[in-house]
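In: got a structure for you, letters missing:
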């Protein structure tokens, strides 16, 4: 059209809110669904949305004009939103240039399986939530395709679950967040931390809680009671009993490594928790004054170890050896021992270590413990192959299987895909030391599930791994935070 058409006065009032279609005259198919009042349908022809503009320009280049049809009119704004969303669901968002699936939420297109959940959530097996959890109702945003055929869920479900929520201080007591659709758990996430999202709302960051999701996903965890309009429900969030640490101890935060199955039903803990707790800490001489190490998750003590000694693992990091302190663990395990203050970035905290060098009489210094011999530094080698070096400091743990090491190395990385495709090898690097080398399969780079990230597939490079594994290839320079480095590319 060469000029705007205006609908004014009585006609505008009679028309009310309406839903319109943009139709491609070349094939008679709609390519955009919208809602509006007045001359909104015509104004949208002049908007600069890239995808929509591209289609409109193609039509005009063919010598034709976009056909506009009113699907329904005389509607209230709320009804127009519903009709718009229903039309998009019917046509299929993949066949349109709309950026969103309409603005109406809570009654979109769902599968017959989800319809059964809506009609009778109790058809799912009920389960009692035993963890400290936030149950987050996602009725308005959940879609059936967010749960895949194999039962796993998409990154989009994580995004709608994590925020933003109006939730109070008790959020800090929650270990996990459960995405709930009409009373049925769709996914469980282990909460790593919270951050303000504006307007008095908060959002969390976390990962799928693979160790406990089978306990809840697909099961009925309950609906909000009538009159309870908040989409957030807390379960088991009452703060645990607080314990004051009276021993000389290091409190080691293991939030990124802790899994629920590290604590057994009888209250004892696994060797994998010990490995997570003792692993390489950047810690000063105060370590020598500590008698105990306390593994802390979400402010709660999970285990207490009596420290036998320390050894250097390179890069100014240390790890201890020790055993479960059976004589005092009952005093702390399962109790709240405090969290780091806001702005305190270090994952460990010393308690009662400041004056540990004095005797009880307050006079002479105690004899210093003899420092254990430092582990010999790894041999340094120069990388001579075309390689991508992936820093896995935060995800590596001692004793992990070859398969686990491969999985944390191959995905999911924010990187320059064009540059990465030139690499022949990928190296898993922890604190500057190579743990494994993989030959990258040809044309195997592909987008990962997480937005703007990439993953590869490959096999252990048996022919060259001996040249690099257990040798130092150097650390990132101070201030270089990117966990991806390139060599000879």
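Out: Okay, I see it. These figures come from a predicted structure and were not determined experimentally. Numbers count the residues shown, from 1 in each chain.

In: The closest residue to residue 240 other than its chain neighbours - how many residues pack around it?
Out: Spatial nearest neighbour of residue 240, excluding adjacent residues (CB to CB, 6 or more residues apart in numbering): residue 336 at 4.9 Å. Where you see a C-beta, it was placed from the backbone N, CA and C, and this is true even at glycine. Neighbourhood size, residue 336 [other CB atoms under 10 Å]: 17.

In: mind checking how far residue 336 is from residue 49?
Out: Distance of residue 336 to residue 49, given as CB to CB, to the nearest Å: 51 Å.

In: cool, and residue 450?
Out: Counting by CB to CB - residue 450 and residue 49 are separated by 26 Å.

In: and what of residue 165?
Out: Distance from residue 165 to residue 49, counting by CB to CB: 30 Å.

In: Of these two, which one has the most company?
Out: Using other CB under 10 Å as the criterion, residue 165 and residue 49 rank with residue 165 on top: 20 against 14.

In: thought that one was touching residue 234?
Out: No - with contact defined as CB atoms under 8 Å, residue 165 does not reach residue 234; the gap is 11.2 Å.

In: what is in contact with those two at once?
Out: Residues touching both residue 165 and residue 234 (CB atoms under 8 Å, 6 or more residues apart in numbering): residue 134.

In: Average pLDDT for stretch 283-300, rounded please.
Out: Stretch 283-300 shows a mean pLDDT of 90.

In: Then stretch 58-66?
Out: The average of the pLDDT scores along stretch 58-66 is 93.

In: May I see the buried residues of that stretch?
Out: For stretch 58-66, burial by neighbour count (16 or more other CB atoms under 10 Å) applies to 59, 66.

In: now that stretch: how far from the chain's centre is it?
Out: From the chain centre to the centre of stretch 58-66 is a distance of 45 Å (CA atoms, centre = their mean, to the nearest Å).

In: can you check stretch 378-395 too?
Out: Worked out by CA atoms, centre = their mean, stretch 378-395 lies 26 Å from the chain centre.

In: Likewise for stretch 215-225?
Out: 22 Å.

In: Give the buried residues for it.
Out: Buried residues in stretch 215-225, counted by 16+ other CB under 10 Å: 215, 216, 217, 218, 219, 220, 221, 222, 223.

In: Tabulate the residues you listed (JSON lines), appending pLDDT, secondary structure and distance to residue 412.
Out: JSON lines is the format used below for those (pLDDT from 0 to 100; DSSP: H, G, I helix; E, B strand; the rest coil; distance: CB to CB, whole Å):
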{"residue": "215", "pLDDT": "94", "secondary structure": "helix", "distance to residue 412": "26"}
{"residue": "216", "pLDDT": "95", "secondary structure": "helix", "distance to residue 412": "25"}
{"residue": "217", "pLDDT": "94", "secondary structure": "coil", "distance to residue 412": "22"}
{"residue": "218", "pLDDT": "91", "secondary structure": "coil", "distance to residue 412": "25"}
{"residue": "219", "pLDDT": "92", "secondary structure": "coil", "distance to residue 412": "28"}
{"residue": "220", "pLDDT": "92", "secondary structure": "strand", "distance to residue 412": "32"}
{"residue": "221", "pLDDT": "92", "secondary structure": "coil", "distance to residue 412": "29"}
{"residue": "222", "pLDDT": "85", "secondary structure": "coil", "distance to residue 412": "33"}
{"residue": "223", "pLDDT": "78", "secondary structure": "coil", "distance to residue 412": "34"}
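
In: could these be laid out in JSON lines, adding distance to residue 64?
Out: Below are those laid out as JSON lines (distance: CB to CB, whole Å):
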{"residue": "215", "distance to residue 64": "58"}
{"residue": "216", "distance to residue 64": "54"}
{"residue": "217", "distance to residue 64": "50"}
{"residue": "218", "distance to residue 64": "50"}
{"residue": "219", "distance to residue 64": "54"}
{"residue": "220", "distance to residue 64": "54"}
{"residue": "221", "distance to residue 64": "54"}
{"residue": "222", "distance to residue 64": "56"}
{"residue": "223", "distance to residue 64": "52"}
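
In: which of the residues you listed lies closest to residue 417?
Out: Checking the buried residues of stretch 215-225 against residue 417 with CB to CB, the nearest one is residue 217 at 32.5 Å.

In: what about the residue lying closest to the closest one once chain neighbours are set aside, distance to residue 258?
Out: Distances taken as CB to CB, 6+ apart place residue 185 nearest to residue 217, at 5.3 Å, with adjacent residues excluded. Using CB to CB, residue 185 is found at 21 Å from residue 258.

In: May I have the distance across stretch 21-41, first residue to last?
Out: End-to-end span of stretch 21-41 (CA to CA, to the nearest Å): 8 Å.

In: Next, the buried residues of it.
Out: Residues of stretch 21-41 classed as buried under the neighbour-count rule (16+ other CB under 10 Å) are 21-24, 30-38, 41.

In: Likewise for stretch 191-206?
Out: Across stretch 191-206, burial judged by 16+ other CB under 10 Å covers 191, 194, 202, 203, 204, 206.

In: and the first one, what is it in contact with?
Out: When contacts are counted by CB under 8 Å, 6+ apart, residue 191 touches 134, 174, 175, 176, 177, 204, 205, 206, 298.
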